[in-house]
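Asks: I'll drop the sequence and a predicted model, then ask my questions.
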Amino acid sequence: MQQKSQATSIVLQFIALVDRQFPYTTRPSMNVIDRKWIFRVKYNSDGTIQRYKARLVAKGFQQYAGVEFTDTFNPVIKASTIRVIFTLVVTYNWEIRQIDFNNAFLNGEIAEIVYLSQPAGFVSTSHPQHVCKLQKALYGLKQAPRAWFHKLKEALRTWGFISSTSDTSLYKHNDNFLLLLVYVDDLLITGNNAPLIQTLIQDLQNRFALKDLGLVKDFLGFEALRTTIGLHLTQSKYTTDLLIKTKMHSAKPVPTPMSATLKLHVASGPAFSDPTLYRSTIGALQYLTYTRPDIAFAINKLSQYLQKPTELHWTTCKRILRYLKGTVHRGLHFTSASSLHLQVYTDADWASSIDDRRSITGYCVFLGTNLLTWSSRKQSVVVRSSTKAEYRALAHASTEVAWLRSLFSELGISLINTPVIWCDNQGVGALAANPVFHSRTKHIEVDVHYVHEQVLDQKLVVSCVPSTEQVADLFTKPLSIPRFQYLLTKLNLAVSPGCA
């Protein structure tokens, strides 16, 4: 009964978007898009049933590009931007509210001519050959996300919000310090003026149908728990669901996500019998790395074998799941930053890939003690020395610092000191300060020039750190248990309060 009630509600909204008389009959020149009903059960963050949902969607894969749709891209907020804002929220003790738009895509307006067949169960008995001409967007249409983005952007502009150049899904008010983070139909609002936040939510409610979810608790599958000492961000429910899906919920936990002695390559044993299972599991684990930097390297490594996974690759993947079994409630912890000072650790594991001898780049960026962003990836070219590999890693980290500086500048927040990049290669530090080009460094000349200009302009400082304190080792290689556990304490990861 609940599903039927939801379906009736959706149909009534649908009828408002089309010509109610169905005046267009089918012609041979028409491309009539099919439609279908989608039924879902929506759950709360604790796993209880929230509601039953029905939605009429269009089969957008039947549309023709350039005729029935043009632009489709809908920008969303970057995960690193979310972490930056959470750090500022805790540091300045701001309120952060969350809202969810109801049927957001139905608000978008489309300029193209799109015809849709009549909804199943609601076909006109007197004119069964008629079709619907859409006046607004419908879920499933290729241009629906883009149409909604423009609709929301226009509304925000009328209220004095401008889009950030560093992240187009971050909006800042011209006159007041209010920030909006947009991820399709989910919105976070924060700032230093709680009454203005409430006024903005009321304005949005007058313009769109939405749900005010109050203080942020569950955003994009992240559970956010605000305490007196900070904010804890985890994906506990997502992790538990993944373990159940892969039948690893009763597995024995292990202390590290990857064995320190393991050497993976393309031909590591016989082919795995179910490549689809391997790919879907790795894809699910990729999303988990948004709050779990401790598995970033292992996931990056296994992602290189999606085309032809072997039994050893799947066994290694199950080891990650076993590691997660013992750390379900672990996540990022944000505390008040005593000093707004950026520190970056960067490292490279030279020629570590057995298959093509490319190096692994890893870096992590901290604001105070809070981890903002990190990366673990294979370099795009083969380099002939460890210095080249380290310098490419340094250049990648430098671009991330430049982006963060731009973001903080737009927010009107000044960093106390010049950002410091820590590396454990003395040759890299010397080359950054005094670039001397010869046959062994000419292949990285562009990277050298870029970093050197940043150093000369006092936009960053390159310093040397002992290898024993190089936090970025977590993102470049598998580590022994003691080494992994030691570096893990540097990432400001913690178990969610009440789950220890």
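Replies: Okay, I see it. On a predicted model such as this, the values are computed, not experimentally measured, just so you know. Numbers count the residues shown, from 1 in each chain.

Asks: identify the residue nearest the residue most central in space within the chain in space, chain neighbours excluded?
Replies: Among the residues of the chain, the one closest to the centroid is Ala79, at 4.3 Å (C-alpha atoms, centre = their mean). In space, and not counting its chain neighbours, Ala79 is closest to Tyr290: 4.9 Å by C-beta to C-beta, 6 or more residues apart in numbering. (Each C-beta comes from the backbone N, C-alpha and C, glycine too.)

Asks: list the contacts for the one you found?
Replies: By C-beta atoms under 8 Å, 6 or more residues apart in numbering, the residues touching Tyr290 are 79, 222, 235.

Asks: report whether it is found in a helix, as I expect.
Replies: No: counting by DSSP: H, G, I helix; E, B strand; the rest coil, Tyr290 is located in no helix; its state is coil.

Asks: tell me the pLDDT at it?
Replies: The model reports Tyr290 with a pLDDT of 92.

Asks: just after the top helix by length along the chain, pick out the following helix or strand.
Replies: Counting residues, the longest helix found in the chain (DSSP state H) is helix 386-411. Moving toward the C-terminus from helix 386-411, the first helix or strand encountered (DSSP states H and E) is strand 420-423.

Asks: by mean pLDDT, which helix or strand of the chain comes out lowest?
Replies: Using mean pLDDT, DSSP states H and E, helix 2-15 stands out as the lowest-scoring helix or strand of the chain, at a mean of 50.

Asks: against Lys136, how distant is Thr256?
Replies: 52 Å (C-beta to C-beta, to the nearest Å).

Asks: now swap in Arg322 and tell me
Replies: 48 Å.

Asks: what mean pLDDT does the helix or strand encompassing Ala54 have?
Replies: According to DSSP H and E, Ala54 maps onto strand 49-58. Strand 49-58 shows a mean pLDDT of 87 in the predicted model.

Asks: again, but for stretch 344-355
Replies: 89.

Asks: for it, buried residues please.
Replies: Going by neighbour count (16 or more other C-beta atoms under 10 Å), the buried part of stretch 344-355 is 344-353.

Asks: same thing with stretch 163-175?
Replies: 163-164, 166-167, 169-173.

Asks: just the CA atoms of that stretch, as PDB, please.
Replies: Only the C-alpha atoms of stretch 163-175 are listed here, as PDB (Å, rounded to 0.1, in the frame of the first residue of the first chain):
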ATOM      1  CA  SER A 163      30.600  29.800  -7.100                       C
ATOM      2  CA  SER A 164      34.100  29.100  -6.100                       C
ATOM      3  CA  THR A 165      36.700  28.800  -8.900                       C
ATOM      4  CA  SER A 166      38.600  26.200  -6.900                       C
ATOM      5  CA  ASP A 167      35.500  24.000  -6.600                       C
ATOM      6  CA  THR A 168      32.400  24.900  -8.600                       C
ATOM      7  CA  SER A 169      30.100  23.100  -6.200                       C
ATOM      8  CA  LEU A 170      31.200  25.300  -3.300                       C
ATOM      9  CA  TYR A 171      29.200  28.500  -2.900                       C
ATOM     10  CA  LYS A 172      30.100  31.500  -0.800                       C
ATOM     11  CA  HIS A 173      27.800  34.500   0.000                       C
ATOM     12  CA  ASN A 174      28.900  37.900  -1.200                       C
ATOM     13  CA  ASP A 175      28.200  39.800   2.000                       C
END
